[in-house]
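**Q** Below are the sequence and a predicted model for it; my questions follow.
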Amino acid sequence: MQDRNPAYPWENIGAQISTATKIPFAVNRVSSIGGGCINQAHLVEGNGQQFFVKLNNTESLAMFEAEAASLMEIQASGTLRVPFPLCWGRNDARSWLVLEYIKMVSGSDRGAAALGSGLAAMHRAVSQTFGWKRENTIGATPQINTPSSDWLQFWRKHRLGYQLELARANGYAGKLQALGERLMMHLQAFFPGQQPAPALLHGDLWSGNYSFDVSGQPVVFDPATYYGDRETDIAMTELFGGFSTAFYAAYREAYPLDAGYSVRKTLYNLYHVLNHLNLFGGGYRGQAEQMMSRLLAEIR
C-alpha cells in the first residue's frame with residue numbers, strides 16, 4: 001500500500017508521471033527495492049502501470065538531473081538499453097527520479113557477449129573534447145567534467161588530482177600524497193602513442209550497474225557518464241572481480257584493446273579506489289598506495 005508519510009511524495013510523483021505520460025496515474029502500491037547505498041529505491045504501481053523511483057533528500061535533485069541526462073546520452077547512442085528517465089523533481093522533504101521499470105533476470109553467455117559488443121559500439125560514439133556538458137557524481141562524490149582537449153590534463157586535474165585533494169581534506173596526507181604527486185608528474189609515461197579518442201563512457205561500470213531484461217538483452221544503469229578513454233570503463237569492470245569471459249571476448253573482437261591497457265587499467269582504477277577511500281574510509285588507503293607504487297615502478 002502507499003505510505004502516507006508526508007516525507008514520501010507519492011502524490012507529487014503520481015501527478016508528475018501523469019503529466020509526463022499524458023495518462024492519468026496515481027500511486028496505489030509501493031514496494032521497496034534493495035541494493036542502493038546512496039538512494040532509496042521503490043517500485044511504484046497504479047492504473048496497470050509500473051515505474052522505478054529513486055528518492056533522496058531535497059538537495060539531491062541536481063544529482064538526479066545529471067543521472068537522467070547521462071541515461072539519455074547513452075540512449076541517444078543507439079547501443080545499449082537503459083531505463084528511460086521519465087521525470088524528476090522535489091518538494092520540501094525529498095527529491096526523486098522516475099525511471100522506466102524494467103524487469104531484470106539472470107543473464108547468459110549470449111547476453112554477456114551482447115553487453116561486450118554493445119559497450120564496444122557505445123565507445124565508438126565520440127565527442128570533440130574530453131569531459132561533458134555538465135558535472136555529475138561518482139557515487140556521492142562530485143565528478144568534474146569541464147571539457148578539455150588534452151586527456152592527460154583532464155585526468156590529472158579532474159580525476160586523480162581532484163580525488164587526492166579530497167583525500168587531503170579528509171586527513172589522508174603523508175605517503176599517499178607524496179606518491180600521488182610523483183605519479184601525476186609522470187602520467188605521460190603511460191601514453192607513449194597518441195592520446196585516446198573521447199569515447200562515450202558509462203563511467204561507473206561494475207557488476208551492480210548492469211543486468212538483463214526478460215528477452216536476455218543487457219541493460220545498463222546508474223551511469224556517471226562523460227567522454228574519455230574507453231579503457232576506463234573496461235578497467236572498472238575488472239576492479240571488483242571482473243565480468244564474464246564472454247563479455248571480454250566480444251568486446252575485444254569488436255574493438256581490440258592496446259597492449260598498454262594492462263598497465264593503464266591500474267591507473268584508471270586508482271580513481272575509483274581513491275573515491276572509495278574518500279567515501280568509505282581508511283580501509284582503501286593501503287590499496288591506493290600499493291597501486292601508485294606499482295605504477296611508479298613501471299616508469300623507473
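**A** Received, thanks.

**Q** tell me the phi and psi of residue 127?
**A** phi -120, psi 170 (degrees, to the nearest 10).

**Q** ok, now which ones touch it?
**A** Contacts of residue 127 were listed using Cβ atoms under 8 Å, 6 or more residues apart in numbering, and they are 198, 200, 227. Backbone N, C-alpha and C define where each C-beta goes, glycine included.

**Q** Also residue 244?
**A** Taking Cβ under 8 Å, 6+ apart, we find residue 244 in contact with 109, 112.

**Q** for residue 230, same thing?
**A** With Cβ under 8 Å, 6+ apart, residue 230 has these contacts: 123, 196, 197, 199, 201, 255.

**Q** Quick check: residue 155 is in a helix.
**A** Yes. Checked against DSSP: H, G, I helix; E, B strand; the rest coil, residue 155 lies within a helix.

**Q** That one and residue 187, how far apart?
**A** Note on residue 155: its distance to residue 187, by Cβ to Cβ, to the nearest Å, is 7 Å.

**Q** Equivalent analysis for residue 118, please.
**A** Applying Cβ to Cβ, the value for residue 118 to residue 187 is 30 Å.

**Q** Between those two, which has more neighbouring residues?
**A** The neighbour comparison of residue 118 against residue 187 (other Cβ atoms under 10 Å) goes to residue 118, with 21 against 17.

**Q** can you pull the contacts of that one?
**A** With Cβ under 8 Å, 6+ apart, residue 118 has these contacts: 79, 80, 218.

**Q** Using JSON lines, lay out these together with distance to residue 162, secondary structure and neighbour count.
**A** Output for the contacts of residue 118, formatted as JSON lines (distance: Cβ to Cβ, whole Å; DSSP: H, G, I helix; E, B strand; the rest coil; neighbours: other Cβ atoms under 10 Å):
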{"residue": "79", "distance to residue 162": "28", "secondary structure": "coil", "neighbour count": "19"}
{"residue": "80", "distance to residue 162": "27", "secondary structure": "coil", "neighbour count": "21"}
{"residue": "218", "distance to residue 162": "30", "secondary structure": "strand", "neighbour count": "21"}
